[in-house]
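Undergrad: Sequence first, predicted coordinates after that:
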Amino acid sequence: MQEIYSGREQTAAKHFILQKYLQSLAFKVLLGGYPTLTYVDGFSGPWEARTTDYSDTSFMIAIQMLKDAQQRIQDQTGKTKNIRCFFVEADPTAFAELDKAVRAYHDPSGGFHVHTFCGRFEDSVDAIIEVIGASFALTFIDPTGWTGYEFDKVRRIVGYKPGEVLLNFMFDHVNRFTAWDDPKIEASFDGILGIGWKTRLDPLLPREIAVQTLFSDEFREAGQFHHVLLTPIEKLADRPFFCIAYGTRNINGLATYREVEFAALKDHGLRRIGARQAIETAKTGQMDLLAASGFSGPTPVERQVPLIKAGARQWLLTKLRQNKHAILFGKVWPPMIETFMLRKTDAGQVCVDLATEGFVRASWRDNGSKRRTPNDSDAIELTAKGGGAL
């Protein structure tokens, strides 16, 4: 598996997120009251596949995860849940390859439906909406550039309810070309950044952050999402290559995605460490002894967590002092983990640490409770030391 993604570790991270999140979503949706789940892939390919069975492509990863979830649910409940897949590819040659690869999995009698569309994603909206019907939908938008998914043209897909969207925002391309003073290139970003986007970039932010923020706002508005997250995926050069944008209207989806994101970035960090070690070994002919023993130390995302938690701590203290009253943990963690790249467990630990230091009251220990962390119904409130009125 390492060899399959050698030289394209960023693709491995993207596929990791898709695989793990789709797997988790399938069980939650199909066991949570929805009889049907529809998966939409707007730019299916295949592109740069290195396996004969396409196991390193997004469409085959999705099919395998969904078929596995369907079978496990049937084994568990005795009921067959319906899965629908809709794959879109504009290139005729790639589409022929795609269609041949996925047709073998079309099994209407077994509740597994595969639909394909040869054409542009923006032209497939009506067909997609018809297939989705009243099901829950997860849409995966993975273009090779920044065009082909203008929000005004695909608004019915990204805004479909109930549903969620994973979108590969090709940040490296966008960041480089948005700096050009070319009217044609500038206009090509209107579909995802909005008309007059240059005048709406926040001048107080670095350009790359301002572009990400504007994209996030446009994505949120197009899908009417309650929560939007951007996950930066870096190449070996330590700069963001693309961002996985995630849009949801459900706090449980928010919490699940942050868990998947952390695992993906940890895995990506290990892959990048391994790739760098391989490059260094090839140059010097010497292998790092610690690397050879399997020791790699904490990954970048693990090293970042304490600093991110420190920022979240100050954010929470400020919020509590401004509100001047207790806030339920169920109202604390969703905005915290949307603002900071943390998991729900991290948000709970921020509260525990503040309680240990005497800044907030450990309400989750009231009435003799032995719980170590708060749950959604526990009140997070300042002590006198924290600046409260106690």
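TA: Arrived safely.
Undergrad: Tell me where the model's unsure across the stretch 251-390 of the chain.
TA: Applying pLDDT under 70 to the stretch 251-390 of the chain flags the ranges 269-297, 388-390.
Undergrad: cutoff 80 now
TA: 268-298, 388-390 (pLDDT under 80).
Undergrad: can you pull out the helices in it?
TA: 251-284, 289-292, 300-323, 329-339, 344-356 (DSSP state H, counting those that start in this stretch).
Undergrad: what do you get for the stretch 1-150 of the chain?
TA: 9-30, 58-77, 92-103, 125-132.
Undergrad: right, so of these, which gets closest to Ile244?
TA: With C-beta to C-beta as the measure, helix 9-30 is the member of the helices of the stretch 1-150 of the chain nearest Ile244 (5.6 Å). In this view, the C-beta of every residue, glycine as well, is placed from N, C-alpha and C.
Undergrad: Just the mean pLDDT for that closest one, thanks.
TA: When pLDDT is averaged over helix 9-30, the result is 93.
Undergrad: swap in stretch 230-248?
TA: Rounded mean pLDDT across stretch 230-248 is 78.
Undergrad: Kindly check the end-to-end length of that stretch for me.
TA: Its first and final residues considered, stretch 230-248 spans 12 Å by C-alpha to C-alpha, to the nearest Å.
Undergrad: Stretch 43-54 too?
TA: From its first residue to its last, stretch 43-54 covers 15 Å (C-alpha to C-alpha).
Undergrad: buried residues in it?
TA: Neighbour counts over stretch 43-54 (16 or more other C-beta atoms under 10 Å) mark 43-46, 49, 54 as buried.
Undergrad: quick one: which of the helices of the stretch 251-390 of the chain is nearest His115?
TA: Of those, nearest to His115 by C-beta to C-beta is helix 251-284, at 24.4 Å.
Undergrad: Pull the contacting residues for Glu338.
TA: Residues in contact with Glu338 (C-beta atoms under 8 Å, 6 or more residues apart in numbering) are 227-229, 254.
Undergrad: Report the separation between Leu342 and Leu254.
TA: Distance of Leu342 to Leu254, computed by C-beta to C-beta, to the nearest Å: 11 Å.
Undergrad: now do Gly145
TA: Counting by C-beta to C-beta - Gly145 and Leu254 are separated by 28 Å.
Undergrad: more crowded one of the two?
TA: Leu254 (22 against 11; other C-beta atoms under 10 Å).
Undergrad: which non-adjacent residue is nearest the more buried one?
TA: His227 (4.7 Å; C-beta to C-beta, 6 or more residues apart in numbering).
Undergrad: Leaving out chain neighbours, which residue sits closest to the residue positioned nearest the centre of the chain?
TA: Nearest residue to the geometric centre of the chain (C-alpha atoms, centre = their mean): Tyr246, 4.5 Å. Spatially, and ignoring its direct neighbours in sequence, Tyr246 is nearest to Leu229 (4.6 Å; C-beta to C-beta, 6+ apart).
Undergrad: Next, give phi and psi for the one you found.
TA: phi -120, psi 150 (degrees, to the nearest 10).
Undergrad: got the contact list for it?
TA: Here Leu229 is in contact with 245-246, 254, 257-258, 261, 338 (C-beta under 8 Å, 6+ apart).
Undergrad: now the residues you listed as TSV including distance to Gly163?
TA: Shown next, in TSV, are the contacts of Leu229 (distance: C-beta to C-beta, whole Å):
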residue	distance to Gly163
Ala245	14
Tyr246	12
Leu254	15
Tyr257	14
Arg258	19
Glu261	19
Glu338	19
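Undergrad: Out of those, which comes closest to Tyr21?
TA: Among the contacts of Leu229, Tyr257 lies closest to Tyr21 (C-beta to C-beta), at 6.1 Å.
Undergrad: ok, and the closest non-adjacent residue to that closest one?
TA: Tyr246 (5.2 Å).
Undergrad: How about Val332?
TA: Ile380 (5.5 Å).
Undergrad: do you know how far the residue nearest to Tyr246 is from Asp190?
TA: 24 Å.
Undergrad: can you give me the strands in the stretch 51-200 of the chain?
TA: Listed in chain order, the strands of the stretch 51-200 of the chain (DSSP state E, counting those that start in this stretch) span 82-89, 112-118, 136-141, 163-169.
Undergrad: now the first one and helix 125-132, what's the angle there?
TA: Spelled out, it's strand 82-89. 160 degrees (axes from the mean of the first three to the mean of the last three C-alpha atoms, to 10 degrees).
Undergrad: and strand 82-89, how far from the chain's centre?
TA: Centroid displacement of strand 82-89 relative to its chain, using C-alpha atoms, centre = their mean, to the nearest Å, is 20 Å.
Undergrad: ok, residues contacting it?
TA: Strand 82-89 has contacts (C-beta under 8 Å, 6+ apart) with 26, 35-45, 59, 62-63, 66-67, 69-70, 95, 98, 102, 105, 111-121, 124, 127-128, 131-132, 135.
Undergrad: how about it as CSV, C-alpha atoms only?
TA: What follows is strand 82-89, C-alpha atoms only, in CSV (Å, rounded to 0.1, in the frame of the first residue of the first chain):
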residue,chain,number,x,y,z
ASN,A,82,-30.2,0.5,-0.3
ILE,A,83,-27.0,2.1,-1.6
ARG,A,84,-26.9,4.3,-4.7
CYS,A,85,-23.7,5.5,-6.4
PHE,A,86,-23.5,8.1,-9.0
PHE,A,87,-20.2,8.6,-10.8
VAL,A,88,-19.6,11.5,-13.2
GLU,A,89,-16.7,11.8,-15.6
